[in-house]
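Undergrad: here's my sequence, what's the structure:
(chains A and B)
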Number of protein chains: 2
Amino acid sequence: MLNSRKPLALKGDILYTPSAERFVSVTGGYLVCDGGLIEGIFEELPERYSNIEVIDFGYKLIIPGLVDLHVHAPQFTYRGLGMDLELLPWLETYAYKEEAKYADTVYAEAAYNVFCAALKNSATTHAAVFATLHSGATRILMDLLEGTGLHTFVGKVNMDRNSPANLTQTTQESISDTEFWLGAVRGKYERTRPILSPRFAPTCTDALMEALGKAALCCGVPVQSHMSENRAEIAWVRELHPDCRYYGDVFDKYGLFGKGVPTIMAHCVYPEERELELIRDNGVFVAHCPQSNINISSGIAPVREMLDRGIRVGLGSDVAGGSSLSIFRGMSDAIQVSKLYSILVDKTKKPLTLPEAFYMATKGGGSFWGKVGSFEPGFDMSAVVLDDEVLNGAYDLTLEQRLERIVYLSPDGHIAAKYAGGNQIF
Amino acid sequence: MLNSRKPLALKGDILYTPSAERFVSVTGGYLVCDGGLIEGIFEELPERYSNIEVIDFGYKLIIPGLVDLHVHAPQFTYRGLGMDLELLPWLETYAYKEEAKYADTVYAEAAYNVFCAALKNSATTHAAVFATLHSGATRILMDLLEGTGLHTFVGKVNMDRNSPANLTQTTQESISDTEFWLGAVRGKYERTRPILSPRFAPTCTDALMEALGKAALCCGVPVQSHMSENRAEIAWVRELHPDCRYYGDVFDKYGLFGKGVPTIMAHCVYPEERELELIRDNGVFVAHCPQSNINISSGIAPVREMLDRGIRVGLGSDVAGGSSLSIFRGMSDAIQVSKLYSILVDKTKKPLTLPEAFYMATKGGGSFWGKVGSFEPGFDMSAVVLDDEVLNGAYDLTLEQRLERIVYLSPDGHIAAKYAGGNQIF
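TA: Purely as a prediction, here's the structure:
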């Protein structure tokens, strides 16, 4: 891995979204960075940078690295299988069976190596990752992810009820294993950080949720979980927590729902009105996972509604509910389902535009890390260089049109170079 | 191109759907053909074939060639662009502008060469293709398609109203040009046949429709068009044809709707009850184009309803309303939108299964050519050989699971060999 934290400029056709409303594009521009941070975008290289190294990518497209706000590393092995089931039976038939195998660290290392190679070779530079409940395998995953140069949050999963016997810890085991794991991994890596990961409300007892809430608060560890993915799941949570007004309340009750504890909630397909308000007021990030929500027959999340309310939304591949690790594919999926939402559910909610989807895939999700996902000054220097010449032939396309073609035609290819946090990944 | 119309066996992992209910799979089986037709599938090679050539594809997957029942060749150039518009503005902003360029046969030849190469390299062996209204360019396309070895129906498009000036013929021009074109191409090719292609009801006057209906009947030429794609379009057709009870009636009135005239109608997103009855009774084929129906915000066609009624349904890529030429992608799109239809529109309509989607993509659409799209004895020997080893690694998957992974993970790749009508394409 080339360390490029010294001053550097990438030259090429630059495209990014400082806001969701529109693209900023500079043809043949210079992306200047220093110490791993963006200095600025320039049409001509300013005199003061005349001595820095310039890497000339010609007519290649340079965009911020993409952000996957929700992905299950152990499920990568069986993506694209078993797409005939809804969430709860799918978990039991596929997800849990596979995840149980990660008790074996030899298996885990082999499987996680494949996942890490795929994530490294994708356009994703930042990801929030679920592992399994096995702290040993999770530490292996964190070691491997650190080696990729990507920036990740990784969670040892918590499950102490309503799970198969070989994938359940006692409440005390789950708590102490989490504490032990946190102790071992916090501060260990440069780019890989732990995130508390109660799987979802049905698999975590109140006692476990309470302990995790305390850990989040006292250790400043962020949180990720799943919420309101599927109607059967929501009904189940209502039975399990008759005292809670809505799903998000279960997390909020234990301090696992924003308010100073950075939190990602995946899905939110069927949020209630006041739940949306709490998501916004508490600064919770929603990981929108459109492909997964189709594949396991959940539905379509009301993303336009979320954006209109000022809720922070990023995109998640949700492998293996989603089959594809590509966040480019996530963008076209997000746009496509928003069209169907507009036609079939609520005509007043306009479909997502390409800049909106791109914003969610970059700065929207990237903000979970801070200044990530844009090329504004002071942002993390994470970038993907795309060689899309083969797609466009003799056509004279705008940079936005070239991006649109990649998103729709070829979401897995064309990555010529990739940088994260100022370092060259390849 | 290798002519393999002599007796031949392909050995490999064979998978096909004689009916939509289930796959037939034979691991390490023999697909025997003679004279371009299937003799049968055998677990062991029968004694009577002991002297024929056997091509051993090892563990590769052998499936029938896929069928694209609806694709616009001239739109291939700008697929994946302009996905923010609905049908009618999209036609005016993109489709018509591009199609007008095909008046220039030099442009047409260059662009059609690219389309033909892509279709040849895909898993599609049979396609029903719209060209433009230019008979010269359409003949070039037919020459090129014949050269690919694929089996196609190709249509010079008819438009004599409600179209841009540079893409409108007078009624008489449209009729005489069609007659001239038919005279030039009928019987000229081994695999490439003409199909009458009134673009859609709004662009064809009654006089033109009447003349096309007569041509279809007297010359035995099949018909393809678009129907009930979008609500605005349907309302427009109602205004234009106040005498017709529903959209299909416009075609039926002029003998362009089945009943001995083999007919493909693309889309049918919003069919009326009695229209569905007429489609079934007249033996009209529906080309289901799920990706296009999302991209240009049409909706979701009621495919389960069609199948339940015994309507013949195939899949169409509908490039460039659809961005992808892959009918594998068409299968996952069809399954995915059927899930959303079930959740958002009508809970009683179960989502499509993988064998149902595969059947539509093979025998369902293939039946438009006759015995095409299955490996039953007497069927056309069209097959695709898939090298999917890289997808599966150490996993011990069934042949159906291997197909599922290709459909979801990698719809553009893995084609090791391809045969159409007994000839090897590559």
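
Undergrad: what about the residue in the stretch 101-250 of chain A positioned nearest to chain B, which SS state?
TA: Using CB to the nearest CB, the single residue of the stretch 101-250 of chain A nearest to chain B is A:V114, 7.4 Å away. In short, each C-beta sits where N, CA and C put it, glycine included. Assigned by DSSP: H, G, I helix; E, B strand; the rest coil, the conformation of A:V114 is helix.

Undergrad: that one: neighbour count?
TA: Burial measure for A:V114: 13 neighbouring residues, criterion other CB atoms under 10 Å in any protein chain shown.

Undergrad: also A:S326?
TA: For A:S326, using other CB under 10 Å, the count is 25.

Undergrad: so what's it up against?
TA: A:122-123, A:317, A:411-412 (CB atoms under 8 Å, 6 or more residues apart in numbering or on different chains).

Undergrad: quick one: the helices in the stretch 201-350 of chain A?
TA: A:206-219, A:231-240, A:247-253, A:273-281, A:290-295, A:303-308, A:327-344 (DSSP state H, counting those that start in this stretch).

Undergrad: measure the most centrally placed residue in chain A to chain B for me?
TA: What sits nearest the mean C-alpha location of chain A, by CA atoms, centre = their mean, is A:L69, with 1.4 Å. Computed as CB to the nearest CB, to the nearest Å, the A:L69 to chain B distance reads 21 Å.

Undergrad: wait, is that residue part of a helix?
TA: No. Assigned with three-state DSSP, A:L69 falls outside any helix and is strand.

Undergrad: report the separation between it and A:L208.
TA: 24 Å (CB to CB, to the nearest Å).

Undergrad: same check, this time on A:L352
TA: From A:L352 to A:L208 the distance is 36 Å (CB to CB).

Undergrad: between those two, which one's more packed in?
TA: Neighbour totals were compared for A:L352 and A:L208, and A:L352 leads with 28 against 24 (other CB under 10 Å).

Undergrad: next, the contact list for that one, please.
TA: A:303-304, A:334-335, A:338, A:360.

Undergrad: most surrounded residue in those residues?
TA: A:M360 (31 neighbours).

Undergrad: tell me the pLDDT at it?
TA: We have a pLDDT of 98 for A:M360.

Undergrad: how much space between the closest residue to A:G258 other than its chain neighbours and chain B?
TA: Computed as CB to CB, 6 or more residues apart in numbering or on different chains, the closest residue to A:G258 that is not its neighbour in sequence is A:N282, at 3.0 Å. Look at A:N282 and chain B: by CB to the nearest CB, they are 28 Å apart.

Undergrad: how about A:N282, what does it touch?
TA: So A:N282 contacts A:252, A:257-259, A:263 (CB under 8 Å, 6+ apart).

Undergrad: can you tell me which of these are in strands?
TA: A:T263 (DSSP state E).

Undergrad: just the buried residues from the contacts of A:N282, in PyMOL please.
TA: The PyMOL selection below is limited to those of the contacts of A:N282 classed as buried (16 or more other CB atoms under 10 Å in any protein chain shown):
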select buried, chain A and resi 252+257+258+263
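
Undergrad: look up phi and psi at the residue of the stretch 201-350 of chain A found nearest chain B.
TA: As assessed by CB to the nearest CB, chain B sits closest to A:S323 within the stretch 201-350 of chain A, at 4.0 Å. Main-chain torsions, A:S323, degrees, to the nearest 10: phi -80, psi -30.

Undergrad: what about it, how many residues close to it?
TA: Quick note: A:S323 (other CB under 10 Å) scores 25 neighbours.

Undergrad: so what's the residue count around the residue nearest to A:P194 when sequence neighbours are not counted?
TA: Nearest non-adjacent residue to A:P194, counting by CB to CB, 6+ apart: A:V185, 5.1 Å away. Applying other CB under 10 Å, we find 20 residues neighbouring A:V185.

Undergrad: before we move on, what about A:E21?
TA: Neighbour tally, A:E21, other CB under 10 Å: 10.

Undergrad: same question, A:L167
TA: Count around A:L167 with other CB under 10 Å applied: 22.

Undergrad: over to A:I41?
TA: 20.

Undergrad: any idea of the pLDDT on it?
TA: 98.

Undergrad: what kind of secondary structure is it in?
TA: Under three-state DSSP, A:I41 comes out as strand.

Undergrad: if we can go back for a sec, single out the most deeply packed of the helices of the stretch 201-350 of chain A.
TA: helix A:290-295 (a mean of 29; mean count of other CB atoms under 10 Å in any protein chain shown).

Undergrad: what does it rub up against?
TA: A:83, A:229, A:267, A:269, A:298-301, A:315-318, A:321-324, A:329-330, A:333-334, A:336-337, B:336, B:339-340.

Undergrad: picking that back up, could you double-check that the residue of the stretch 101-250 of chain A closest to chain B sits in contact with A:Q75?
TA: No. Assessed by CB atoms under 8 Å, A:V114 is found out of contact with A:Q75, at 12.0 Å.
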